[in-house]
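In: sequence first, then the predicted structure, then my questions.
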There are 2 protein chains.
Amino acid sequence: MTPFEAIAEPNRRRLLELLRSGERAAGDLVKATGLSQPGASKHLKQLREAGLVSVRAEGQKRLYRLEAGELAALDSWLEQFRQFWADRLDALDEHMEKEQ
Amino acid sequence: MTPFEAIAEPNRRRLLELLRSGERAAGDLVKATGLSQPGASKHLKQLREAGLVSVRAEGQKRLYRLEAGELAALDSWLEQFRQFWADRLDALDEHMEKEQ
DNA sequence: CAGTTATATAACGGTATGATTATATATCTC
DNA sequence: GAGATATATAATCATACCGTTATATAACTG
């Protein structure tokens, strides 16, 4: 699964957001998201396959954490459009001001 | 279709990239991508539904263009992770330097 | 208006996706 | 070692998605 496909799913985006504050156990993420245990486990697997998160075992728990690399890759794809929308939104601002 | 789902598909990303340089006719995009005519048409429809592009008719042609708003929205979702990965990648750099 | 060009839509098939239920695996505790 | 806890995997089902072929719609051209 590509990072693009991984973030297409709302629950997976939510998982990533939850991991922003640091490592969390799978069961913790189950509770926080309201997903079923197998559901969360599968989504986490896909995030892992996309390189967006990593896991380490601690006792019987699995601790997930965000991985910066692929997130940055997503950002760098968007980069090529950044100048474009900055220009467009600036133009819109100017237009609004003229209207007033 | 959400913008997240829209950019999950490689051909749609390619369409967006092609539109970066300005308005282009649907038929032009068909040639540039190598997609079938109906295939391109459907992908363009989904990009439209995601708010990532808009169309206007000119004669028998349909001219597609990028729309800045939803692209910026994607970016703003990523924004919340930017500090995170900047920190992480900086840490990695430092680590590499120590290794040497 | 007949034919051609440009594009969209419909219909269909194969495959992937996400949710759910049941089961397996591994670790901890007594 | 027998439960109990934490997590992953398998099996199943319904639905969504993408590509393809065929057809419809609309605008130009002679």
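Out: Arrived safely.
In: which parts of chain A are strands?
Out: Taking DSSP state E, the strands of chain A run over residues A:24-25, A:53-58, A:61-66.
In: next one: the shortest one, is it in contact with chain B?
Out: No: Strand A:24-25 does not reach chain B (Cβ under 8 Å from any Cβ of the partner chain); its nearest approach is 14.1 Å. Bear in mind the C-beta positions are built from the backbone N, C-alpha and C, glycine included.
In: what helices or strands is that strand leaning on?
Out: strand A:61-66 (3 or more Cβ pairs under 8 Å, 6 or more residues apart in numbering or on different chains; DSSP states H and E).
In: my guess is A:Glu23 contacts A:Arg65. True?
Out: Yes: counting by Cβ atoms under 8 Å, A:Glu23 does reach A:Arg65; the two are 4.5 Å apart.
In: which residues touch the closest residue in space to A:Thr2 that isn't next to it in sequence?
Out: Nearest in space to A:Thr2, with sequence neighbours left out and distances taken as Cβ to Cβ, 6 or more residues apart in numbering or on different chains, is A:Ala50 at 6.3 Å. Shown in contact with A:Ala50 (Cβ atoms under 8 Å, 6 or more residues apart in numbering or on different chains): A:Met1, A:Thr2, A:Pro3, A:Glu5, A:Ala6, A:Glu70.
In: and the pLDDT for A:Ala50?
Out: pLDDT for A:Ala50: 98.
In: go through the contacts of A:Ala50 and name the one nearest A:Ala40.
Out: Nearest to A:Ala40, judged by Cβ to Cβ, of those is A:Ala6 at 14.2 Å.
In: distance check, the nearest residue to the closest one once chain neighbours are set aside against DNA strand C.
Out: Closest residue to A:Ala6 apart from its sequence neighbours, by Cβ to Cβ, 6+ apart: A:Ala50 at 3.7 Å. With distances taken as Cβ to the nearest atom of the strand, to the nearest Å, A:Ala50 is found 11 Å from DNA strand C.
In: how about A:Ala50, phi and psi?
Out: Phi and psi for A:Ala50, reported as degrees, to the nearest 10, are phi -80, psi -10.
In: in chain A, what secondary structure element scores lowest on mean pLDDT?
Out: Lowest by mean pLDDT, DSSP states H and E among the helices and strands of chain A is helix A:68-99, with a mean of 83.
In: excluding its backbone neighbours, what's nearest A:Phe4?
Out: In space, A:Phe4 is closest to B:Ala8, 4.8 Å off (Cβ to Cβ, 6+ apart).
In: OK, contacts around that neighbour?
Out: Contacts of B:Ala8 (Cβ under 8 Å, 6+ apart): A:Thr2, A:Phe4, A:Glu5, A:Ile7, A:Ala8.
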